[in-house]
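In: just the structure for this:
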Amino acid sequence: MSKLPSDTAPPLLRLAHISKRFGALLANDDVSLELQRGEVLALLGENGAGKSTLMSILFGHVLPDAGRVEVEGKPLPPGDTRAALAAGIGMVHQHFTLADNLSVLDNVMLGTEPLWQPFSRRQVARERLLATAQRFGLHVDPEARIGDLSMGERQQVEILKALVRGARVLILDEPTAVLTPPQSEALFATLRGLVREGLSILFISHKLDEVRRVSDRVAVLRAGRLVARFDRLDGVDSAALAEAMVGHALAPVQRSVRQPGALVCRLREASVAGQPRPRLDRVTLELHANEVVGIAGVSGNGQQVLAELLCGVRALDSGTLVFEGRRLPARPRAWLAAGVARIPEDHHAVGAIGDLALWENVVLERYAGDSFSLFGWLRRRRAQAHAQALVQRFDVRGTEAGGLGTPARRLSGGNLQKLILGRALAGDPDAPPPKLIVANQPTWGLDVGAVAYVHEQLRQACDQGAALLLISDDLDELFALSDRIAVMHHGRLGAARRTQEWTRAGIGLAMAGAAAAPSPAAASEVMHAA
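Out: Residues are numbered from 1 along each chain as shown. Modelled structure (predicted):
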């Protein structure tokens, strides 16, 4: 992205021999990195490899056991976030650090004004926020409440919050995880401008094509250690980066060709009211066994409401929703009992309770059922045995120190997502496999190895007879897994076409609200059939 600095230029940022241990878990093991002015350094690694811990140490959230951080050759006080901010280090977290009950402007202003100031310079802050947003092509309403924003909109606020505060070093932790391709392109254009002005960027992403496009250099962590450096990316493909991350070559993704089975679920003219327009507007959709239906769309266009309908979390205002020939009440327990499994979009806030133990989260949705309850008493040993089996089957890591009693919040994002996936697919040892899986952003923030694992588990579930509704912002994921794809825009759902009838450009147009034509190959096939 930028011109590499000369070897004689002093580094803007240096992490020297950083080590950090959490009980038996060695999160960082003697890690040293340097970041020059005006360059982008990508930090790669599997979920749980130590990337987030290292960045938390840099930003002052975590105290290292050994090592030091230097900015322009001067040591940064360990564990001091205020000192990190004063030194010009800004961080955009993968998991949002926003106050849901406050406005966008209030979140951006938090911590920027002294308590003794007699009045708030709100108008000045608002003008600066709008100017920054316009400059970088980000669109936000300063007075919008964070709790009312989509995941993609919240990510934009996080980025703006760091940019408004004038960071010289910007840490981006999975910044495009919930952005659409056009939004990602706009972000990359922004980053190019910032780098030209001398900003340095630490870029953490599991999207390897993005890493190769954006970065000047790449460093790879595995099990807390720095295992590889790529000082030049010429001739380095994504497969080589992936192999460095996981330690072995990954098989290419191949989409299974399946014939749809019996009708599992049908929506007809389904609507959910909202302002200024319906959250869901006369949606019609059929889901069949042994089939994956992918839903594309810009975040916040009704995908979340659709997922909530199909999990019993939300009720229809009009239209019909039938599951296996019957109408179920809008109660999650009824849909769970009927054979519906869910993988929610926000696996931290919705998918798990962070302060509960891992084994408690495993049985969270079914603790009152016959499998884990007897005369109203929790069958603790059975629940823990089931949790242990699920942890082993779905390769959930991060329990080395606390075992099954490890709080869910201590798991990395990828391992927590594996836990939620396991609970969805095998949450009850006495129940048959799920009949419908509602997967909302199932691989958001996961590394390439974990993504491949999740995709394989979902494929197997479909091969065993499940219908899968796959809601994803990742077009590569939709093309890899889906038998049919439909696009949501402003609460309306277009026709679900066979995957081979779509092009990326066609989906992009439909996501923007334009009517997308079938691909030339599909059009030719239709004409030939006629």
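
In: which one is residue 423 nearest to, not counting chain neighbours?
Out: Of all residues not flanking residue 423 in the chain, residue 362 sits nearest, at 5.6 Å (CB to CB, 6 or more residues apart in numbering). Quick note: C-beta positions are derived from backbone N, CA and C, even for glycine.

In: next, the one you found: phi, psi?
Out: Residue 362 has phi and psi values of phi -60, psi -40 when expressed as degrees, to the nearest 10.

In: and it, how many neighbours?
Out: When neighbours are counted by other CB atoms under 10 Å, residue 362 registers 30.

In: so how far is residue 378 from it?
Out: 13 Å (CB to CB, to the nearest Å).

In: report the contact partners of residue 107.
Out: By CB atoms under 8 Å, 6 or more residues apart in numbering, the contact list for residue 107 reads 98-99, 146, 157, 161.

In: what's the closest non-adjacent residue to it?
Out: residue 98 (5.1 Å).

In: how does this protein divide into domains?
Out: 11-88+167-175+192-244, 94-166, 263-339+432-529, 354-412+422-427 (automatic domain parsing).

In: and the ones you listed as JSON lines, adding distance to residue 250 and mean pLDDT?
Out: Shown next, in JSON lines, are these (distance: least, CB to CB, whole Å; pLDDT from 0 to 100):
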{"stretch": "domain 11-88+167-175+192-244", "distance to residue 250": "5", "mean pLDDT": "90"}
{"stretch": "domain 94-166", "distance to residue 250": "22", "mean pLDDT": "81"}
{"stretch": "domain 263-339+432-529", "distance to residue 250": "6", "mean pLDDT": "87"}
{"stretch": "domain 354-412+422-427", "distance to residue 250": "15", "mean pLDDT": "89"}
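
In: out of these, nearest to residue 347?
Out: Minimum separation from residue 347 across the domains of the chain (CB to CB) falls at domain 263-339+432-529, 7.8 Å.

In: chain center to that closest one: distance?
Out: Here domain 263-339+432-529 is found 18 Å from its chain centre; the criterion is CA atoms, centre = their mean, to the nearest Å.

In: repeat that for stretch 360-368.
Out: Relative to its chain's centre, stretch 360-368 lies at 23 Å (CA atoms, centre = their mean).

In: how long is that stretch from one end to the other?
Out: One end of stretch 360-368 sits 12 Å from the other (CA to CA, to the nearest Å).

In: mind listing what's buried in it?
Out: 360-366 (16 or more other CB atoms under 10 Å).

In: contact partners of it?
Out: Outside stretch 360-368, the residues within contact range by CB under 8 Å, 6+ apart are 332, 336, 352-353, 356, 372-373, 378, 383, 386-387, 390-391, 408, 419, 422-423, 427-428.

In: setting aside sequence neighbours, what's the nearest residue to residue 258?
Out: Spatial nearest neighbour of residue 258, excluding adjacent residues (CB to CB, 6+ apart): residue 290 at 4.9 Å.

In: after the strand or helix carrying residue 480, which helix or strand is next?
Out: Under the criterion DSSP states H and E, the helix or strand holding residue 480 is helix 475-481. Toward the C-terminus, helix 475-481 is succeeded by strand 484-489 as the next helix or strand (DSSP H and E).

In: show me what that following strand pairs with in its sheet, parallel or antiparallel.
Out: strand 291-296 (parallel), strand 492-493 (antiparallel), strand 497-498 (antiparallel) (DSSP bridges).

In: turn those into CSV, including mean neighbour count and distance to residue 204.
Out: Output for the strands paired with strand 484-489, formatted as CSV (neighbours: other CB atoms under 10 Å; distance: least, CB to CB, whole Å):
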stretch, mean neighbour count, distance to residue 204
strand 291-296, 26, 25
strand 492-493, 20, 34
strand 497-498, 16, 35
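
In: figure out which of those is closest to residue 281.
Out: Counting by CB to CB, residue 281 lies closest to strand 492-493 out of the strands paired with strand 484-489; the figure is 4.7 Å.

In: list of residues touching the closest one?
Out: Contacts of strand 492-493 with the rest of the structure, by CB under 8 Å, 6+ apart, involve 281-285, 295, 302, 306, 486-487.

In: again, only this time at 6 Å
Out: 281, 283, 486 (CB atoms under 6 Å, 6 or more residues apart in numbering).

In: what of stretch 147-159?
Out: Applying CB under 6 Å, 6+ apart, the contact partners of stretch 147-159 are 92, 96, 100, 104, 138, 140, 178-179, 299-300.

In: rewinding a little: any idea which of the contacts of strand 492-493 has the most stuff around it?
Out: residue 283 (25 neighbours).

In: make a PyMOL selection of the buried ones in the contacts of residue 107.
Out: In PyMOL, a selection of the buried entries from the contacts of residue 107 looks like this (16+ other CB under 10 Å):
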select buried, resi 98+146+157+161
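
In: how about residue 394, nearest residue that isn't a chain neighbour?
Out: In space, and not counting its chain neighbours, residue 394 is closest to residue 422: 3.8 Å by CB to CB, 6+ apart.

In: I figured that neighbour hits residue 392, correct?
Out: No. Contact between residue 422 and residue 392 fails when scored by CB atoms under 6 Å: they sit 9.8 Å apart.

In: and the two? Which one has more around it.
Out: Remark: of residue 422 and residue 392, residue 422 carries more neighbours, 21 against 10, as counted by other CB under 10 Å.

In: that one sits in which helix or strand?
Out: Counting by DSSP H and E, residue 422 is part of helix 413-426.

In: residue 351: neighbouring residues, count only.
Out: Around residue 351 sit 22 other residues, with neighbours defined as other CB under 10 Å.
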